[in-house]
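*Asks:* below is the structure, and that's it, no one-letter string:
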């Protein structure tokens, strides 16, 4: 494909595919695939949150989990999504060829999605709880709060923005992974892309990409809105993501009584 | 002799034959050495080109964003939006402009790296204490010398942390390039899945993770070399 005429042809094909009602309806239509991918994504997100949040929050409450948080996100980054999906599809386990409507690749996809949703959820929730100012925790202890009370009334509300940020990042991650599932014959909208490319029908491939990208942006905006609505703390200070080696953010939660300190 | 050896090999199925299809197979490594090497070289090339391109674009963007706060919002917003787009969708969106080529993969991956790098560069430059900046100015440092001799070295730990994240995720993302047949080791993974070739899949995946770890170690080591003043005190 060169520039010029070919570019126009491809973009026209893309437009034609997007505006053709036949590409949206039916079992292989984009609407069906879209619903399929959304269902998969949110199932995986719910499972990941149900597994990851209790562990991360509890460890954070105990002031632990630093190593877990760093390692989980490092490993999550280094392992290619594609490779993990490929393993799950090729391995003997989980070995049911007829899992629900999506077959074996469907089960592999749900497992992979859940695994890749865990790192942002665990890391952010854990760091959020551990970063609650020690002075605030001491104050809670001083008021005679029990461990559980301190956790639910003090730590959790203060860490809520980080916890929600983790969930929001997980949404983006899960959607991206669910798209890649098509590379291993998994379900979802990615199939429109891979099919288009393997059959050199680039218009279709690009059309699929446009839909996937637009839904991703919509999900991100919705997640950001949800984060804003659900966050109990005022949005004066936006949470900073802390990475492996970055310098800790300055804490200005309490007035400095002693300037020399 | 060679014929005899060949027939002997044929009568005894190798560990990657259809019958055994083992995950780990030394015979595969020997027989497909050339293919594995080619894929690894392509993987390294695409990753390096993408990260270098990302750094080259991110640096001026970070400087502009720092100077003009209004542009900062626009730059960071656009970067976040790009980062939101799944890799399998970003590649096709590049294809009308760059075709089915390695360039497509490199540009798409550079865009992802860019997001992480701009953020960490801005964060790093912000972490320089204002007092240090002022004293450098007082010593007669001009804007350029201040940037390269004072601000960048002090911002290096944060920037390097971003570079590690960007590089490691680029190594992993390169595999998705197999959609346009330029995925380095991803091409082997794809072939491994479609032809149910376990040794190929396992080898390519392990190499992928090894490359990521290798780059990570290299960056940490170069940071150690570049910041001799930080060696005594570990953060």
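*Replies:* Done, it's in. In this text, all values refer to a predicted model and were calculated from it rather than measured experimentally.

*Asks:* look up how far chain B lies from residue A:165.
*Replies:* In this view, residue A:165 and chain B are 13 Å apart by Cβ to the nearest Cβ, to the nearest Å. The way it works is simple: take the backbone N, C-alpha and C, and place the C-beta from them, glycine included.

*Asks:* in the strand or helix carrying that residue, what's buried?
*Replies:* Under the criterion of DSSP states H and E, residue A:165 resides in helix A:156-180. For helix A:156-180, a neighbour-count test (16 or more other Cβ atoms under 10 Å in any protein chain shown) marks A:156, A:158-180 as buried.

*Asks:* report the distance from that helix to the chain centre.
*Replies:* Relative to the mean C-alpha coordinate of its chain, helix A:156-180 is positioned 5 Å out (Cα atoms, centre = their mean, to the nearest Å).

*Asks:* and it, what does it pack against?
*Replies:* Counting contacts by 3 or more Cβ pairs under 8 Å, 6 or more residues apart in numbering or on different chains; DSSP states H and E, helix A:156-180 is packed against helix A:30-61, helix A:81-90, helix A:103-130, helix A:190-198, helix A:202-230, helix B:87-98.

*Asks:* same question for it, mean pLDDT?
*Replies:* For helix A:156-180, mean pLDDT is 91.

*Asks:* show me the contacts for the closest residue to residue B:53 other than its chain neighbours.
*Replies:* Nearest residue to residue B:53, sequence neighbours excluded (Cβ to Cβ, 6 or more residues apart in numbering or on different chains): residue B:110, at 4.0 Å. Going by Cβ atoms under 8 Å, 6 or more residues apart in numbering or on different chains, residue B:110 touches B:49-51, B:53-54, B:57.

*Asks:* ok, and the closest non-adjacent residue to the spatially most central residue of chain A?
*Replies:* With distances taken as Cα atoms, centre = their mean, the residue of chain A nearest its centroid is residue A:170 (1.6 Å). Excluding the flanking residues, the one nearest residue A:170 by Cβ to Cβ, 6+ apart is residue A:117, at 4.2 Å.

*Asks:* tell me the confidence at that neighbour?
*Replies:* Looking at residue A:117, the pLDDT reads 92.

*Asks:* what's around it, how many residues?
*Replies:* 29 (other Cβ atoms under 10 Å in any protein chain shown).

*Asks:* please apply the same query to the one 4 residues further on.
*Replies:* Neighbouring residues of residue A:121 were enumerated by other Cβ under 10 Å; the total is 26.

*Asks:* how much space separates it from residue B:50?
*Replies:* 28 Å (Cβ to Cβ, to the nearest Å).

*Asks:* nearest residue to residue B:175 other than its sequence neighbours?
*Replies:* In space, residue B:175 is closest to residue B:186, 3.0 Å off (Cβ to Cβ, 6+ apart).

*Asks:* right, and the helix or strand after the helix or strand the one you found falls within?
*Replies:* Assigned by DSSP H and E, residue B:186 falls within helix B:185-194. Remark: after helix B:185-194, the chain's next helix or strand is helix B:198-226, criterion DSSP H and E.

*Asks:* and that following helix with helix B:185-194, angle?
*Replies:* Put simply, helix B:198-226 runs at 160 degrees to helix B:185-194, going by axes from the mean of the first three to the mean of the last three Cα atoms, to 10 degrees.

*Asks:* let me see the mean pLDDT of helix B:198-226.
*Replies:* 92.

*Asks:* quick one: it to chain centroid distance?
*Replies:* The answer for helix B:198-226 is 10 Å, by Cα atoms, centre = their mean.

*Asks:* go through the one helix or strand residue B:71 maps to and flag the buried ones.
*Replies:* Using DSSP H and E, residue B:71 sits in helix B:69-84. Neighbour counts over helix B:69-84 (16+ other Cβ under 10 Å) mark B:72, B:75-76, B:79, B:82-84 as buried.

*Asks:* low-confidence ranges, chain B, go.
*Replies:* For chain B, residues meeting the criterion pLDDT under 70 lie at B:1-13, B:232-235.

*Asks:* 50 - rerun?
*Replies:* For chain B, the stretches with pLDDT under 50 are B:1-2, B:4, B:7-8, B:235.

*Asks:* go on, chain A?
*Replies:* For chain A, the ranges with pLDDT under 50 are A:1-2, A:99, A:236-261.

*Asks:* so what's residue B:227 closest to, chain neighbours aside?
*Replies:* Per Cβ to Cβ, 6+ apart, closest to residue B:227 is residue B:156, 5.6 Å.

*Asks:* show me the contacts for that neighbour.
*Replies:* B:124, B:223, B:226-227.

*Asks:* now it: how far from chain A?
*Replies:* Taking Cβ to the nearest Cβ, one finds residue B:156 at 11 Å from chain A.

*Asks:* tell me the SS of that residue?
*Replies:* Assigned by DSSP: H, G, I helix; E, B strand; the rest coil, the conformation of residue B:156 is helix.

*Asks:* with residue B:18 instead?
*Replies:* coil.

*Asks:* quick check: angle from the longest helix seen in chain B to helix B:69-84?
*Replies:* In chain B, taking DSSP state H as the definition, the longest helix is helix B:33-67. Orientation check (the same axes, to 10 degrees): helix B:33-67 against helix B:69-84 gives 150 degrees.

*Asks:* related to what we said a few turns ago, of the contacts of residue B:110 - the most surrounded one?
*Replies:* Ranking the contacts of residue B:110 using other Cβ under 10 Å puts residue B:50 first, with 28 neighbours.

*Asks:* ok, now how distant is that one from chain A?
*Replies:* For residue B:50, the distance to chain A - Cβ to the nearest Cβ - is 14 Å.

*Asks:* excluding chain neighbours, what is closest to that residue?
*Replies:* Closest to residue B:50 by Cβ to Cβ, 6+ apart is residue B:109, at 3.6 Å.

*Asks:* quick one: residues contacting that neighbour.
*Replies:* Residue B:109 touches B:46-47, B:50-51, B:54, B:170, B:173-174, B:177, counting by Cβ under 8 Å, 6+ apart.

*Asks:* what degree of burial does the closest residue to residue A:44 other than its chain neighbours show, as a neighbour count?
*Replies:* With Cβ to Cβ, 6+ apart as the measure, residue A:113 is the residue that lies nearest to residue A:44, at 3.4 Å, once sequence neighbours are left out. Neighbour count of residue A:113, defined by other Cβ under 10 Å: 30.
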